[in-house]
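1. One predicted model, sequence on top.
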Amino acid sequence: MYGTIARPASQVLSEVTITDQEFRLFQNLIKAHTGIALSEHKRNLVCSRLGKRLRALSLPSFRKYYDYLRDEAGQTELEHFVNAITTNKTDFYREKAHFDFLEQEMVSAWKARVVRTGKRQIRIWSAGCSSGEEPYTIAITLRNAIENFSAWDVRILASDIDTEVLDRAAQGVYPTERVADIPKPILERYFLRGTGSRAGFVQVAPEIRDLITFRQINLQWDPWPVRTFFDCIFCRNVIIYFDKPTQRRLMERFAAYLKDDAYLFLGHSESLYGMSDEFTLLRNTIYRKREGKGSATPPWATK
Ligand SMILES: C[S@@+](CC[C@H](N)C(=O)[O-])C[C@H]1O[C@@H](n2cnc3c(N)ncnc32)[C@H](O)[C@@H]1O
């Protein structure tokens with residue numbers, strides 16, 4: 001005789017499938033909260049990522065999870081929900097041509113500006129910074145390209161909607177494999193090697209970490225809690241997840257936060273083609289705000 005073998009709850013739940021109606025509910029919820037437009041081919045991904053949340057909360061169906069998210073009691077779960085849906089792929093020196101351009105063209109332009117204005121100030125926003133590799137690469141590039149760096153006032157705002165990646169970004173700790181392709185002189189100068197229990201990890205040096213402020217900012221928020229005009233915005237591999245009207249609105253808002261002649265970087269498969277006349281294309285995915293296109297009134301003063 002064989003008795004029935006009770007399956008562990010997690011196994012039962014891992015078989016829960018998502019219905020068309022449930023998937024549509026999550027599509028609408030994620031769009032409303034983040035701007036991310038989940039296409040049908042993301043269905044399996046959503047099912048597996050949210051399935052983990054169902055198991056963590058011991059909920060029997062996606063519908064119950066949705067109801068929980070809509071309930072007052074589930075408001076803290078919204079953060080886990082958003083963190084589970086975002087795609088955070090990133091790398092140090094990702095799309096290296098951007099950092100070559102920053103070093104060779106932009107730093108020279110900013111140095112020339114000192115002659116005109118007497119100001120040695122640079123403000124950069126890494127919007128959708130994921131786990132920090134992008135803003136750290138920006139900071140290292142600037143630190144390395146500007147000789148009398150201590151005479152400059154350089155600040156980088158690094159933001160993301162996902163609190164989990166932001167926590168990691170702020171720590172600046174990475175497994176050594178993640179930095180394997182960084183040139184040795186840069187690695188030795190700007191990273192600390194872990195020892196003992198931290199062997200196998202590196203940490204970005206304090207002189208680089210101190211240049212960056214990490215903050216949770218959802219690009220869908222209006223207004224943003226930001227009161228600075230920027231010399232450059234990196235928003236790479238973020239708008240690819242948004243629909244066209246959301247992209248267009250975001251670019252208008254970025255333009256209002258950029259100084260005249262400031263730069264905008266998009267990801268390799270993103271473009272402003274047919275979307276905005278406020279920017280000129282300089283090189284593939286590198287844009288410059290057209291002079292005189294912005295309003296003199298800061299965007300934060302009009303809210
Ligand atoms: C693929 S990563 C890109 C990281 C980095 N910019 C790069 O190119 O390597 C996209 C990031 O955008 C963030 N994101 C998605 N929607 C967002 C929103 N509405 N507001 C802020 N960040 C968002 C995600 O959490 C994710 O970390």
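-> In hand now; what should we look at? Residues are numbered from 1 along each chain as shown.
2. would residue 156 count as being in a strand?
-> Yes - assigned with DSSP: H, G, I helix; E, B strand; the rest coil, residue 156 falls within a strand.
3. Which pLDDT value does the model give it?
-> Here, the pLDDT recorded for residue 156 equals 98.
4. Now do the residue nearest in space to the middle of the chain, the pLDDT please.
-> When CA atoms, centre = their mean is applied to the chain, the residue found nearest the centroid is residue 128 (1.5 Å). Looking at residue 128, its pLDDT is 98.
5. List the contacts of it.
-> By CB atoms under 8 Å, 6 or more residues apart in numbering, residue 128 lies in contact with 159, 160, 161, 219, 235, 236, 237, 238. Every C-beta, even on glycine, is put in place using the N, C-alpha and C of the backbone.
6. Neighbours of residue 130, how many?
-> 25 (other CB atoms under 10 Å).
7. on that earlier part again, can you read off the backbone torsions of the residue nearest to the residue nearest to the centre of the chain when sequence neighbours are not counted?
-> Leaving aside its chain neighbours, residue 128 sits nearest to residue 238 (3.4 Å; criterion: CB to CB, 6 or more residues apart in numbering). Main-chain dihedrals, residue 238, degrees, to the nearest 10: phi -120, psi -50.
8. still on that earlier bit, just the buried ones from the contacts of residue 128?
-> Neighbour counting with 16 or more other CB atoms under 10 Å marks 159, 160, 161, 219, 235, 236, 237, 238 as buried within the contacts of residue 128.
9. export those to TSV and tack on secondary structure, pLDDT and distance to the ligand?
-> Shown next, in TSV, are these (DSSP: H, G, I helix; E, B strand; the rest coil; pLDDT from 0 to 100; distance: CB to the nearest ligand atom, whole Å):
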residue	secondary structure	pLDDT	distance to the ligand
159	strand	98	6
160	strand	98	5
161	coil	98	4
219	coil	98	4
235	strand	98	7
236	coil	98	4
237	coil	98	4
238	coil	98	4
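10. Adding distance to residue 44, write the residues you listed out as a markdown table.
-> As requested, the buried ones among the contacts of residue 128 are arranged in a markdown table below (distance: CB to CB, whole Å):
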| residue | distance to residue 44 |
| --- | --- |
| 159 | 29 |
| 160 | 24 |
| 161 | 23 |
| 219 | 26 |
| 235 | 28 |
| 236 | 26 |
| 237 | 21 |
| 238 | 23 |
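11. If we only consider these, which is nearest to residue 92?
-> Nearest to residue 92 among those is residue 236, at 13.2 Å by CB to CB.
12. correct me, but the closest one touches residue 264?
-> No - with contact defined as CB atoms under 8 Å, residue 236 does not count as touching residue 264 (9.9 Å).
13. got the contact list for stretch 73-85?
-> Residues outside stretch 73-85 that contact it (CB under 8 Å, 6+ apart) are 29-30, 33-34, 36, 38, 46, 49-50, 52-53, 56-57, 68-69, 161-165.
14. got the domain boundaries for this structure?
-> 9-85, 96-301 (automatic domain parsing).
15. Lowest average pLDDT across these?
-> Across the domains of the chain, domain 9-85 has the smallest mean pLDDT, namely a mean of 90.
16. Please state the backbone phi and psi of the closest residue to residue 146 other than its chain neighbours?
-> Excluding its sequence neighbours, the residue lying closest to residue 146 (CB to CB, 6+ apart) is residue 152, at 5.8 Å. Dihedral pair for residue 152: phi -100, psi 150, per degrees, to the nearest 10.
17. Those residues of this structure touching the ligand, which are they?
-> Within the chain, the residues that sit near the ligand (CB under 6 Å from any ligand atom) are 34-36, 86-90, 94, 128-130, 134, 160-162, 165, 218-220, 236-238, 241, 267.
18. Quick check: strands, which of these are part of them?
-> residue 160 (DSSP state E).
19. now, which of the residues of the chain next to the ligand lie within helices?
-> Under the assignment DSSP state H, the residues of the chain next to the ligand contribute 34, 134, 165 to helices.
20. Good, we can wrap up now.
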